[in-house]
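Asks: no sequence on this one, just coordinates:
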């Protein structure tokens, strides 16, 4: 605390406004984690995405049986699970930043961020289940 | 000024020298930028293509779930992807994905402190655009050959 409760003027001048002090809000100390996780997932997604796009593009028009074999191959199944987890984590972080940038109302912001998280989690779990069901 | 509608409003209260409150002015926003500049145009495009990619992600989820569900569900998704609308969506998503990927690499370089000067920024910006075109065409060539 830069301001004492004894009524003494602060020894160090603060850039914080009186309103900011009253509201008592500040860094929640997780901003760096969000930012860094966005970068780390992007690096991991780079090879995974290139693999996925070119794998599927080079086997377009797969029959049902061929698709099951492709998804069920352990190598592909593991990479697909990694791709699913990282893609939805990265998407969740990215959409959250966009929502925080463009919404004014705290209620709307909170509802949208939670909504995005819910949808991302459910879609990630559903696709992981689909891969596991075929592969296992 | 009496009732705060949201936290953003609350940060805009200032006082004149006579003590009366005033709504502090905002710094210049979008209106001061030429949105056709390479720098700002590519910046917002990186964000837009990120959102567009989520459409592709949903298609991936549908494809995987259909494969797990059975042959008729799988036929439906394959039919959609081969339909006129499906091909248009796929074209857009593949283009958006390559743009977002290359713009992301550019961002990672910036994060490490490389390429901030204007000539390099324009050079890497053009590289992103040309790379997106090349990779999108390449992906479609592979796709059409194997179809």
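Replies: Great, that's in hand. Computed from a prediction, not measured in an experiment: that's the story for all the values here.

Asks: Please make it C-alpha for all contacts and neighbour counts, starting now.
Replies: OK.

Asks: For whichever residue of chain A sits closest to chain B, grab the count of nearby residues.
Replies: Of all residues in chain A, residue A:57 sits closest to chain B, with a separation of 4.4 Å (CA to the nearest CA). Using other CA atoms under 10 Å in any protein chain shown, residue A:57 is surrounded by 20 other residues.

Asks: Per-residue confidence, it, what does it come out as?
Replies: We have a pLDDT of 92 for residue A:57.

Asks: which residues does it contact?
Replies: Shown in contact with residue A:57 (CA atoms under 8 Å, 6 or more residues apart in numbering or on different chains): B:139, B:140, B:142, B:143, B:146.

Asks: switch the cut-off to 7 Å
Replies: Contacts here follow CA atoms under 7 Å, 6 or more residues apart in numbering or on different chains; on that basis residue A:57 touches B:139, B:142, B:143.

Asks: got it, and residue A:84?
Replies: Residue A:84 is in contact with A:124, A:128, counting by CA under 7 Å, 6+ apart.

Asks: Near chain B, which residues of chain A are found?
Replies: Residues of chain A found near chain B (CA under 7 Å from any CA of the partner chain) are A:54, A:57-61, A:64, A:68, A:104-106, A:123, A:127, A:130-131, A:133-134.

Asks: pLDDT averaged over the helix or strand where residue B:97 lies - what is it?
Replies: If you go by DSSP states H and E, residue B:97 is part of helix B:84-111. For helix B:84-111, the mean pLDDT works out to 96.

Asks: That one - contacts with which helices or strands?
Replies: Applying 3 or more CA pairs under 7 Å, 6 or more residues apart in numbering or on different chains; DSSP states H and E, one finds that helix B:84-111 makes contact with helix B:38-69, helix B:118-146.

Asks: count of residues packed around residue A:89?
Replies: Residues near residue A:89, counting by other CA under 10 Å: 19.

Asks: meant to ask about residue B:94, not that
Replies: Residue B:94, neighbours per other CA under 10 Å, totals 22.

Asks: Let me know the pLDDT of the closest residue to it other than its chain neighbours.
Replies: Nearest non-adjacent residue to residue B:94, counting by CA to CA, 6 or more residues apart in numbering or on different chains: residue B:136, 6.4 Å away. Listed pLDDT for residue B:136 reads 96.
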